[in-house]
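S.K.: using only what follows, build the 3D model:
(2 chains)
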2 protein chains.
Amino acid sequence: MVTLREVAAAAGVSIKTASNVVNGISRVSPALRERVERAVAELDYRPNVAARNLRRGRTGLVALGVPSLRNPYFAELADLIVEAAERQGLTVLVDSTRGSRSRERLVLDGFGMQLVDGLILCPHGLSNEDLVDRRDRTPLVLLGERDIAAGDNISIDSYEVAFTATRHLLDGGRRRIGVVGFEASVSSDDMARRRIAGYRAALAEAGLEYDAGLVRMMGRGHRADDAGEAAQQLLSERADLDALFCFNDEFALGVMRRLVAAGVKIPDDAAVIGIDDVDAGRLFSPSLSTVSPDKLMIAERAIAMLLNRIGGDDAAPRREMAGFRLIARESTGG
Amino acid sequence: MVTLREVAAAAGVSIKTASNVVNGISRVSPALRERVERAVAELDYRPNVAARNLRRGRTGLVALGVPSLRNPYFAELADLIVEAAERQGLTVLVDSTRGSRSRERLVLDGFGMQLVDGLILCPHGLSNEDLVDRRDRTPLVLLGERDIAAGDNISIDSYEVAFTATRHLLDGGRRRIGVVGFEASVSSDDMARRRIAGYRAALAEAGLEYDAGLVRMMGRGHRADDAGEAAQQLLSERADLDALFCFNDEFALGVMRRLVAAGVKIPDDAAVIGIDDVDAGRLFSPSLSTVSPDKLMIAERAIAMLLNRIGGDDAAPRREMAGFRLIARESTGG
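M.R.: Alright, predicted model coming up:
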């Protein structure tokens, strides 16, 4: 690695002068500037951008922490955030946290170094206290629903999403609607509670009673196969079940797999709907009905909010809601 | 942000002494050390790890560049690499490059700063010349097949993989086997050529002639839907087609979607096989037969090779092959 000292020596100037030229500081005579620039070119000197950015307090990097890339929702969202950032001249570095508290803390601390200009985090393991207590002042945007003001926040409205999914099933004539969901990962994680509330509200609107026996909530970290097993069990206990509302498409795909293998006809015997609109759901046979969050809006607003904070805005944390739409496909009768 | 200067002032010592304590340098008396450590605790001083690592020449960070996170193969592989790295005390930052040459260059340059201790890159846009010409000496591991020595390399053997997939179809009695593949992204990218060679060799072994009309090669960046369209077109031109070998599972899922929608029975009318073993393939109905690369081995060897280089090994670049296995599921008759 060529150093600034070597550039200065080759140009016959002081290190200070070489530094001024390399860093674009203007108080250098044209003659000296030319000598330094020639030395830079000849030696193929490349400034230590990290060190320079550290001085300026910027790196052009943003860290994105998501619980898993194996869940296609987060993989697709990460790709959209990478692209949205690129349009704004930022580079996103993605970390897959497995929803672990310590790993999420690492992201929240900017990997323990002054590495990134901003953070985007979808916390599963961190409590509200963890988030509020953070000392680091790196701008932060949170993805997902949290009732706190630890940073700007963008999410979809889980209550409305669940209400929409459930009402779609009810509109299709379904009356015994099971739920395959996940529990809160930490006590302050309200997404699961809100989804159940939305489901109940849709049932109530249709004059149906809530039956806790129709709801299977699994721990976080459970995957498609676990969801499939839960659904099959539920069906074996409740033969009158005519629909399943799954908390995400990954679960829904696992549920469909198991039901089809067990000879259950979808949607004739049981309709299935998920949330997320992942690519695979569209390709499945039957194709999966889902509630599609506006992932592009989430990606673009997360980057815009972050840029605003990086630019110095220190107003109180803001909360934004992203849109969503129902996509009715074959698994609910289209 | 508390500075070392404030720590020194609070402890009543020189900045040099405070620095020595914080950096674990031993030539400080126990009494002074205790005063500094108390000040560190009281002020919650956190050293600038980036700056310290820059001095030591290490950051504990590794960059991973993959063409897309939306392709579940890369998303799953990225998650495994993140976990393999974590077991070795390294943090992986993932960049989604879209296979763009300039974006891959950015990764290859370590984002233009002394940010990472090592690089893992799956290049789609970079030519062999780009890779060989790089000036940066950051340890590099390449994923995928390239006939160059620009860094350590781990991949599966595309020829063998394609041979295995094709022979599986032949063993099942298929005789007219179409291919839905992708072209090389750059002239030096040999994966596509090798897969076709493996396909041809399996046909030849079975006494069958190669028919270029059965092969549809698409540009990189094409997705599942494009593959489905290509397959349907191929079937409409060649009614005697009885199987399709797809270059990846994403394509195969798109192909199955289209064929099922067109009333083609899988596997009775046409068998389908892919490569990659992504999660969704297992869940599909019919479940997708595939050749499964040993992703865990790829992840672990990539990290091990990188650590070896970071540790100072400067032997000639090494090439390793990861294992793979055939997974026969419903789409080829199990």
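
S.K.: pull stretch A:245-254 out as CSV, backbone CA atoms only.
M.R.: Below are the C-alpha coordinates for stretch A:245-254, written out as CSV (Å, rounded to 0.1, in the frame of the first residue of the first chain):
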residue,chain,number,x,y,z
PHE,A,245,-54.8,-17.5,8.1
CYS,A,246,-51.0,-17.7,8.4
PHE,A,247,-48.9,-14.9,9.8
ASN,A,248,-46.4,-15.1,6.9
ASP,A,249,-46.1,-16.6,3.5
GLU,A,250,-43.4,-19.0,4.6
PHE,A,251,-45.7,-20.5,7.1
ALA,A,252,-48.5,-20.6,4.5
LEU,A,253,-46.3,-22.4,2.0
GLY,A,254,-45.5,-25.0,4.6
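
S.K.: shaky segments in the stretch 101-250 of chain A?
M.R.: For the stretch 101-250 of chain A, the stretches with pLDDT under 70 are A:112-114.

S.K.: need the strands for it, in chain order.
M.R.: Under the criterion DSSP state E, counting those that start in this stretch, the stretch 101-250 of chain A contains strands at A:118-121, A:140-143, A:152-155, A:177-182, A:215-218, A:243-246.

S.K.: most tightly packed of those?
M.R.: Compared across these, strand A:243-246 shows the largest average neighbour count, a mean of 29 (mean count of other CB atoms under 10 Å in any protein chain shown). C-beta coordinates here come from the backbone N, C-alpha and C atoms, glycine included.

S.K.: re the thing from before, okay, the strands of the stretch 101-250 of chain A in CSV with distance to chain B next?
M.R.: Shown next, in CSV, are the strands of the stretch 101-250 of chain A (distance: least, CB to the nearest CB, whole Å):
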stretch, distance to chain B
strand A:118-121, 13
strand A:140-143, 15
strand A:152-155, 19
strand A:177-182, 14
strand A:215-218, 17
strand A:243-246, 13
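
S.K.: residue B:301: which of the ones you listed is closest?
M.R.: Ranking these by proximity to residue B:301 (CB to CB) places strand A:118-121 first, at 30.4 Å.

S.K.: what lines up beside that closest one in the sheet?
M.R.: strand A:61-66 (parallel), strand A:140-143 (parallel) (DSSP bridges).

S.K.: as a markdown table, the ones you listed with distance to residue B:314 would be great.
M.R.: Output for those, formatted as a markdown table (distance: least, CB to CB, whole Å):
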| stretch | distance to residue B:314 |
| --- | --- |
| strand A:61-66 | 29 |
| strand A:140-143 | 41 |
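
S.K.: so which of the ones you listed is nearest residue B:90?
M.R.: Here strand A:61-66 is closest among the strands paired with strand A:118-121 (CB to CB), at 15.5 Å.

S.K.: list the contacts for residue A:264?
M.R.: Applying CB atoms under 8 Å, 6 or more residues apart in numbering or on different chains to residue A:264 gives the contacts A:235, A:270.

S.K.: could you redo the last one with a cut-off of 6 Å?
M.R.: Going by CB atoms under 6 Å, 6 or more residues apart in numbering or on different chains, residue A:264 touches residue A:270.

S.K.: residue A:70 too?
M.R.: Here residue A:70 is in contact with B:76, B:79 (CB under 6 Å, 6+ apart).

S.K.: check which helix or strand it maps to.
M.R.: For residue A:70, there is no host helix or strand (DSSP states H and E).

S.K.: backbone phi and psi for it, please?
M.R.: Per-residue torsions, residue A:70: phi -70, psi -30 (degrees, to the nearest 10).

S.K.: before we move on, the earlier item: looking at the strands paired with strand A:118-121, which is nearest to residue B:194?
M.R.: With CB to CB as the criterion, residue B:194 lies closest to strand A:61-66 of the strands paired with strand A:118-121, at 33.8 Å.

S.K.: who touches the closest one?
M.R.: Contacting residues not belonging to strand A:61-66 are listed as A:74, A:78, A:81, A:85, A:90-95, A:97, A:107, A:116, A:118-122 [CB under 6 Å, 6+ apart].

S.K.: so which bits of it are buried?
M.R.: The neighbour-count check on strand A:61-66 (16 or more other CB atoms under 10 Å in any protein chain shown) flags A:61, A:62, A:63, A:64, A:65, A:66 as buried.

S.K.: and if you look at stretch A:194-202?
M.R.: Under the neighbour-count criterion of 16+ other CB under 10 Å, stretch A:194-202 has A:194, A:195, A:196, A:198, A:199, A:200, A:201, A:202 buried.

S.K.: list the contacts of the second one.
M.R.: Right, the one you point to is residue A:195. For residue A:195, the contact set (CB under 6 Å, 6+ apart) comprises A:158, A:162.

S.K.: against residue A:163, how distant is it?
M.R.: Distance of residue A:195 to residue A:163, computed by CB to CB, to the nearest Å: 9 Å.

S.K.: pLDDT added to the buried residues of strand A:61-66, as CSV?
M.R.: Formatted as CSV, the buried residues of strand A:61-66 follow (pLDDT from 0 to 100):
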residue, pLDDT
A:61, 88
A:62, 92
A:63, 93
A:64, 95
A:65, 95
A:66, 95
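
S.K.: quick check: mean pLDDT of stretch A:18-32?
M.R.: If you average the pLDDT over stretch A:18-32, you get 76.

S.K.: give me the contacts around stretch A:34-42.
M.R.: Outside stretch A:34-42, the residues within contact range by CB under 6 Å, 6+ apart are A:7, A:10, A:11, A:18, A:21.

S.K.: neighbours of residue A:136, how many?
M.R.: Residue A:136 has 14 neighbours, counted by other CB atoms under 10 Å in any protein chain shown.

S.K.: mind listing what it touches?
M.R.: Residue A:136 makes contacts with residue A:109, as judged by CB under 6 Å, 6+ apart.

S.K.: and the gap between it and residue A:121?
M.R.: 12 Å.

S.K.: again with residue A:188
M.R.: Distance from residue A:188 to residue A:121, by CB to CB: 14 Å.

S.K.: can you check residue A:76 too?
M.R.: From residue A:76 to residue A:121 the distance is 17 Å (CB to CB).

S.K.: residues from the stretch 201-334 of chain A in reach of chain B?
M.R.: Within the stretch 201-334 of chain A, the positions near chain B by CB under 6 Å from any CB of the partner chain are A:224, A:253, A:257, A:260, A:280, A:283, A:285.

S.K.: what about those, which one has the most neighbours?
M.R.: Highest neighbour count within these: residue A:253, with 29 neighbours (other CB under 10 Å).

S.K.: how near is that residue to residue B:176?
M.R.: As for residue A:253, its distance to residue B:176 is 31 Å (criterion: CB to CB).

S.K.: okay, and residue A:272 sits in which element?
M.R.: Assigned by DSSP H and E, residue A:272 belongs to strand A:271-275.

S.K.: just checking: what are the partner strands of that strand?
M.R.: Counting by DSSP bridges, the strands paired with strand A:271-275 are strand A:243-246 (parallel), strand A:289-293 (parallel).

S.K.: CA atoms of that strand as PDB?
M.R.: Extracted in PDB, the C-alpha atoms of strand A:271-275 (Å, rounded to 0.1, in the frame of the first residue of the first chain):
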ATOM      1  CA  ALA A 271     -58.600 -21.800   1.900                       C
ATOM      2  CA  VAL A 272     -55.100 -20.500   2.900                       C
ATOM      3  CA  ILE A 273     -53.800 -17.000   3.100                       C
ATOM      4  CA  GLY A 274     -50.500 -15.600   4.200                       C
ATOM      5  CA  ILE A 275     -48.800 -12.200   4.600                       C
END
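
S.K.: just give the closest residue to residue A:10, not the sequence neighbours.
M.R.: residue A:39 (4.0 Å; CB to CB, 6 or more residues apart in numbering or on different chains).
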